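>>> for reference, the sequence and a predicted model appear below.
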Amino acid sequence: MSADEIEVYAICETSFIDPGEARAFDLSRITEDGGARPFRIVIVRTGARDFVGYVNACPHQGTWLNIGGGEFFNKDGTRLRCGRHGALFDIESGSCVDGPCEGKTLEPIALAVVGRDVCLCGVALVEEEERPFPYDDFDDTMEIMISPD
């Protein structure tokens, strides 16, 4: 792959996340040595076709934002919230506006809407291999054996 090419992976259809909602995705990222490591992200739908995404890790201690109750937002839905220590983050910028990591930011991920898909850009992911259906090699004919008994 040349330096001008960017990895693009479809994560979900746009309809999978309603406006004002967030969803977590557990992916697997390819490391520099060719191995794989977990890559947890959160995607927030902020408008009809507007999405922002972050690595799902609070800059305070690296815990998932949705740890505990599974929610990503504060009570009124205006900020992302760390479930462990209550740090609050601006949805659009990822900046911590209140809490133990104030002044730090969530790690952003590059997203693009391509057709009906929300895509992650610039990160090499481990792709799931499709497993063939076990009977794909059989044709449509039926074999019948007749016993001479």
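Great, that's in hand.
>>> and the host helix or strand of residue 9, how far out from the chain middle?
Using DSSP states H and E, residue 9 sits in strand 8-13. For strand 8-13, the separation from the chain centroid amounts to 8 Å (computed by Cα atoms, centre = their mean, to the nearest Å).
>>> next: stretch 20-30.
Distance of stretch 20-30 from its chain centroid, counting by Cα atoms, centre = their mean, is 2 Å.
>>> next one: stretch 24-42
10 Å.
>>> buried sites along that stretch?
25, 29-30, 39-42 (16 or more other Cβ atoms under 10 Å). C-beta: built from backbone N, CA, C; applies to glycine.
>>> between those, which is nearest residue 62?
For the buried residues of stretch 24-42, the minimum distance to residue 62 (Cβ to Cβ) is 10.3 Å, reached by residue 40.
>>> elements contacting the strand or helix carrying that closest one?
Element membership of residue 40 [criterion: DSSP H and E] is strand 36-45. Applying 3 or more Cβ pairs under 8 Å, 6 or more residues apart in numbering; DSSP states H and E, one finds that strand 36-45 contacts strand 8-13, strand 22-30, strand 51-55.
>>> average pLDDT for that strand?
Model confidence over strand 36-45, given as mean pLDDT, is 96.
>>> ok now that strand, how far from the chain's centre?
Once both centres are worked out by Cα atoms, centre = their mean, strand 36-45 turns out to sit 4 Å from its chain's centre.
>>> got a markdown table for the helices and strands packed on strand 36-45, with distance to residue 106 and mean pLDDT too?
What follows is the helices and strands packed on strand 36-45, written out as a markdown table (distance: least, Cβ to Cβ, whole Å; pLDDT from 0 to 100):
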| stretch | distance to residue 106 | mean pLDDT |
| --- | --- | --- |
| strand 8-13 | 17 | 96 |
| strand 22-30 | 12 | 95 |
| strand 51-55 | 4 | 98 |
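>>> next one: the most centrally placed residue in the chain from residue 95, what distance?
Among the residues of the chain, the smallest C-alpha distance to the mean C-alpha position (Cα atoms, centre = their mean) belongs to residue 25, namely 3.4 Å. As judged by Cβ to Cβ, to the nearest Å, residue 25 and residue 95 stand 22 Å apart.
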